[in-house]
Structures are given as structure tokens and as C-alpha cells.
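# test case, fold it:
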Amino acid sequence: MAIIYRINMSDLSVRAEQPDGKYQRLGGRGLTSTLVADEVPAACHPLSEANKLVFAPGILTGTGAPCAGRLSAGAKSPLTGTIKESNSGGMAALALAALGINALVIEGQPGASTWYRLVVSERGVEIQEVDDLAGLGNYATVARQHERFGDKVACISIGQAGEMRCAAASIAVTDMERRPTRHCGRGGLGAVMGSKGVKVIVVDPTGGKRVEPADRQAFSQAVREFAAALDEHPLTGETLPTYGTNALANVINQAGAYPTRNFSQGQFEGVEAISGERQHDVIVERDGVIAHACHRGCTIKCSRIYMDQHGAYLTKGPEYETVWAHGANCGIDDLDAIAEMDRLDDDLGLDTIETGATIAVAMEAGVLPFGDATGAIDLLEQVGQGTPLGRLVASGADVLGKAYGVRRIPTVKGQAMPAYDPRAIKGIGVTYATTPQGADHTAGYTIAPNVLGVGGHVDPLSPEGQVALSRNLQVSTAAIDAAGECLFIAFAVLDDSRAFDGLCNMIGACQGRPFTSEDLMGLGKSILNVELDFNRRAGFTEADDRLPDFFSTEQLPPHNATFDVPDEQLDTVFTFDE
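As a prediction, the model looks like this:
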């Protein structure tokens, strides 16, 4: 039986209800965004009791569908002021799905400065005081939970950044090794969790069971087709398992779109030292792990386990975005230093993209020089200490940049841009500008056709065709997020009809109804419309769907390109009937 648990932190009560109406067939981003849009006042302060934090597994999560273990978190973002969905791998979504839970909705706000743990099990949700966890990082926090509740539980937690309600705070989710390495990173939702007084959520799947599709035979056939397409695609079947996400470093650098030293250049002279190929060799040399799955049922296995110089575990990955943010963007070419920063980000509970971008802005401001890895690590340690500068770093690039009078601040709606310069890959610039989520590459990953030749090819340096490309990818991505699938399935979905049909057929068989390509795109459009409506009610207009002006006025070497997609074209992105 499907359940939505409402946890009211004002009176410490729990209420279970069955989803009805439009909520019945929603999951993941579809459910989190719809609940937030329906129930959160769009004009509220994101850290007030009026905001709600929603966790939801996807439509396919727990069914045995490949790569369907994503957990969606949704709320009004303290970083952007918009509606926000941020999703993560790890084991928590599978644990929730096994218990028949469609969503956890955390409401209200405790009156006292007390920290709480939510224990979710087949018995329901229990709220417990845990002031002894205050001030702990994510690693120590989850280690204590496993000591108490055993190895089978999954944990969702915040570190010191979330406790301080910093706008770049992430929410950690434990992986298969029970480490807090997977994060709902973007948008500062860790601060919302902190504002609710919730330090950790422990999900115990004991007694749960696999989600049973309505049509098991049709589902199994769709899974076989879908899995075969993933296995046979060169990116999902070979490149990502071998080199991980950081396989992109050399590719994007060669394209002249690898943001370097706070988006002042498009190529980094030290890229080889931090590339996916070099990272692969270091991990193998130190007996780490390549082709690592972040959750049970992942067949792509793009994660890694990175060991330090003494062969001891240091961190996961680090992923492409993390390596870039703390590497090229800061002028740092030291993989071990980057891995140490990744470990600190995970422990403190910080979005690695936002944090690396913020350190780069601090470097541009003269707080420390570009290339200073030791100084960058010190800034992160100051976050844990709660110093004024540390709090600025944990507040994001926009806040720190304005505090120091920096002009080149690479943000949209207050959120820092990821590892692709929009002047050299103009499709991703359209996505950055227009997505309801703030600058976010995962919202509409045009890198696939712009650079990788997946799903066709659109010239990355031409403004032509970029609006339609971004629009279609934003729609399909919203649907993938609702399904609980990993974004990387999109490579096979774009190139192989078996993957596209398999995704539709898995959803249809799961829900016991025909589900066509038109239904999939309709699902994505409906989610975007919900999010866009919330943002309009929150005061956002087309004028907010713009990149910072330096992208249109400063030429980016080596192509000497600017972002020149006209504003009037940006304003047509969500004209879905075109």
C-alpha cells in the first residue's frame, strides 16, 4: 500500500495518508515538485516553517528497473528562491520504496534548538531527540547510526553546513558501503533540512519488499530491452564504467568549453593531471575501485572509490563536476588535493559545484591566489569552524562574490554554473538561463548532442537550434527524474529506440496502463509547468532567465566566442506547442 508520511516538526506529530488523485501516479521530481507547488506559499522565506522538504523515490524505484535508485528532494530553495528538486543516488530511495513509501513530507519547525532523528521503518516514522549529534560531520553522524541500527539501514543526513542553514548546504545519502558520498547537492536543501531541526533520517527496509509491477511479464521484457541498450551503448556500457564521469575532462577541454580560473578561459593547461584517464590510473595503482555502483541495481557503475597515497579510503569519485570545480576552475591540478576537498565537502554537507565555484570567485577577489590548493582546503575547514569567511564560502558564489565586489560571478538565479562554459557550448547556456532550477546542467544536458554526438549533432558554437534542443531535453529530463532513473540513461535513450521504448514500457507495465512516448513527454511538460507556475508566483519573470552579462561581452579563448542566443529566443523555450 502506497503511503505519504507527513512529519510535523512543530508539534512532533506524524500522519500517514494514501496518495490520491494526481499524486497516485507521480514519483521522484514529479511528486516533490507537485507537492511543493501545491502546499508551499511561493512567497515564503525558504527557511521558515511554511516551507516543506519532500523526499520521494521515483516511479520505477524498487521495481528492479536498471539504474532507477534515484532519490528526489524538493523544497523552495534558499539559494535560488525558486522551486527546487535535487536528486541523488545511494540506497535511501530503494529503502523507502521497499517500505511502500511514496514520499516523506517534513513540515513545520521546532520551537526549541533541539536536533532530531527520524527513524523510518515498517512500523512507521518515529521522531527522536539526538542533540549528541550536533556539530558532527556526515561521516561521524552516519557511523553512529549504523552502530545503533545495523548495516542494513540507509541514512539521509546533513553536516555542519546544513546545521548552520548555509545556502550551499547539501543532503547526504549513504551508498552501498554505508558512506555519505551521494548528495542531493544543488539548491541548498540541506539548509531547509537544518531549519526543520532534522539532523538525520534513518530508513530501515527490514520487512519491506520489492515493488511489484502491475504487469510483471511486460515489465520483465521491457527491462531486458532497456538493459541491453544500456550495456551496448559505448558511453553507458564502456566509457563511464571505465573512466567514470571525469572521462569528460579532456573532451570538454578540447572543445574549449572547460571553465578555467573562474570562467576566464576555456582550456586548462593542467587538464591531463586531473583527467579521467589519469584518475583511473591513480585509482588502479592504489587498489581503489573503478566501475563502482552507488546503489543496488545500477548497471552503468560510473562511480569510483579513491584511495589516498597510503592506500586508505579517502572519498568516492571524485566526479567530473567536482574535479573541475575544485580543479581547473580554481587553477588547481592536484588530484589528491581535489579528492581531499571532495571528502571535506561530503563531510560538511556542501554542494561540490557551488563550493568549488565559490572558492574560484574568492580567488578572483584576491582572498587567495588561483592554484592555491592548501588555501582552498583551509577555506573548507573554516566552514566546519563556522568562521565568518567559512560561512560566506558555504553561502554560495553569488553571496561571496557580492560581498567582495566581484563582477564575474557565474550564476543564474543565484546558483553557480557547472563545468561547461555557455559561450563555447551554447545549448547548455540556454538550459542554464531558462531552467526553473537555477543554473543546472542536469536539467537539460545539451552536451550530449552539442559535443558528444549523442542524439544527433547541433553545432555548439552556433546559436541556431539551441532553444529547441534545450527545450526537448528539459522536458525529457523532467520525466526521467520522475521515473527515478539516472540521467546517464539519456545517452542510450537518445541513440537507441530500445532504450526509449524500454523506459516507456517499464513505466506502463509498472502502472498497468499504456504509456507512450507522448505520455513520457507529457509527463515532463506537466512537471515543468508546475515548476514554472511556482516561480512566477514567487516573483520570477522572463528577465530572470538570463546569463550574467560578461558571457555576452567577454570573448572566451580559444574560440573567442560569446553567448549570443537572443533574449527573445530564450523567452520561447517553454512554448511547448512549437
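# now name the helix or strand holding the residue nearest to Phe563 when sequence neighbours are not counted.
For Phe563, the nearest residue in space outside its immediate sequence neighbours is Phe551; the separation is 4.2 Å by Cβ to Cβ, 6 or more residues apart in numbering. To be clear about C-beta, it is placed using only N, CA and C from the backbone, and glycine gets the same treatment. Assigned by DSSP states H and E, Phe551 belongs to helix 550-553.
# over to Pro318?
Going by DSSP H and E, Pro318 is not part of any helix or strand.
# what is the neighbour count of it?
Counted with other Cβ atoms under 10 Å, the burial measure for Pro318 works out to 31 neighbours.
# may I see the buried residues of stretch 364-378?
Neighbour counts using 16 or more other Cβ atoms under 10 Å place Glu364, Val367, Leu368, Phe370, Asp372, Ala373, Gly375, Ala376, Ile377 of stretch 364-378 among the buried residues.
# what about the residue of the chain most remote from its centre, is that helix, strand or coil?
In terms of distance from the mean C-alpha position of the chain, Gln217 ranks first, at 32.9 Å (Cα atoms, centre = their mean). For Gln217, the secondary-structure state derived from DSSP: H, G, I helix; E, B strand; the rest coil is helix.
# does Met341 really touch Asp378, like I thought?
No - counting by Cβ atoms under 8 Å, Asp378 is not a contact partner of Met341; they are 10.7 Å apart.
# common neighbours of the two, please.
Counting by Cβ atoms under 8 Å, 6 or more residues apart in numbering, Met341 and Asp378 have no common neighbour.
# quick one on the thing from earlier: helices and strands around the helix holding Phe551, which ones?
When contacts are defined as 3 or more Cβ pairs under 8 Å, 6 or more residues apart in numbering; DSSP states H and E, helix 550-553 sits against none of the other helices and strands.
# Gly27 and Ala56 touch, don't they?
Yes - under the criterion of Cβ under 8 Å, Gly27 lies in contact with Ala56, with a separation of 6.0 Å.
# these two: who's more crowded?
Taking other Cβ under 10 Å, Gly27 and Ala56 do not tie; Ala56 has more neighbours (35 against 31).
# what ranges do the strands span in the stretch 251-400 of the chain?
Here the stretch 251-400 of the chain has its strands, by DSSP state E, counting those that start in this stretch, at 289-292, 303-307, 313-316.
# which residue is the nearest non-sequential neighbour of Ala43?
Using Cβ to Cβ, 6+ apart and skipping residues adjacent in sequence, the residue nearest Ala43 is Ala538, 6.2 Å away.
# need phi/psi at the one you found.
Backbone geometry at Ala538, expressed as degrees, to the nearest 10, gives phi -80, psi 0.
# dump the residue contacts of it.
Applying Cβ under 8 Å, 6+ apart to Ala538 gives the contacts Ala42, Ala43, Lys76, Gly81, Thr82, Ile83.
# before we move on, back to that, confidence score at the residue farthest from the centre of the chain?
For Gln217, the model assigns a pLDDT of 96.
# do the same with Phe491
At Phe491, the model reports a pLDDT of 96.
# got the contact list for the closest residue in space to it that isn't next to it in sequence?
Distances taken as Cβ to Cβ, 6+ apart place Leu235 nearest to Phe491, at 4.4 Å, with adjacent residues excluded. The contact partners of Leu235, taken as Cβ under 8 Å, 6+ apart, are Leu452, Val454, Phe488, Phe491, Ala492.
# quick check, Leu235 in a strand?
No - the assignment for Leu235 is helix, going by three-state DSSP, so no strand is present there.
# next one: it from Ser72, what distance?
Summarising the geometry, the distance separating Leu235 from Ser72, computed by Cβ to Cβ, to the nearest Å, is 24 Å.
# looks like Thr352 contacts Val323 (just checking).
No - taking contacts as Cβ under 8 Å, Thr352 lies outside contact range of Val323: 9.2 Å.
# about what we covered before: OK, contacts around the residue nearest to Phe563?
For Phe551, the contacting residues are Pro422, Arg423, Gly429, Thr562, Phe563, by Cβ under 8 Å, 6+ apart.
# between those, identify the one with the most neighbours.
The most crowded member of these, judged by other Cβ under 10 Å, is Pro422 (32 neighbours).
# grab the nearest non-local neighbour of that one.
Among residues not flanking Pro422 along the chain, Gly429 sits closest, at 2.7 Å (Cβ to Cβ, 6+ apart).
# chain center to the host helix or strand of that neighbour: distance?
Gly429 is part of helix 426-434, with elements assigned from DSSP H and E. Distance of helix 426-434 from its chain centroid, counting by Cα atoms, centre = their mean, to the nearest Å, is 17 Å.
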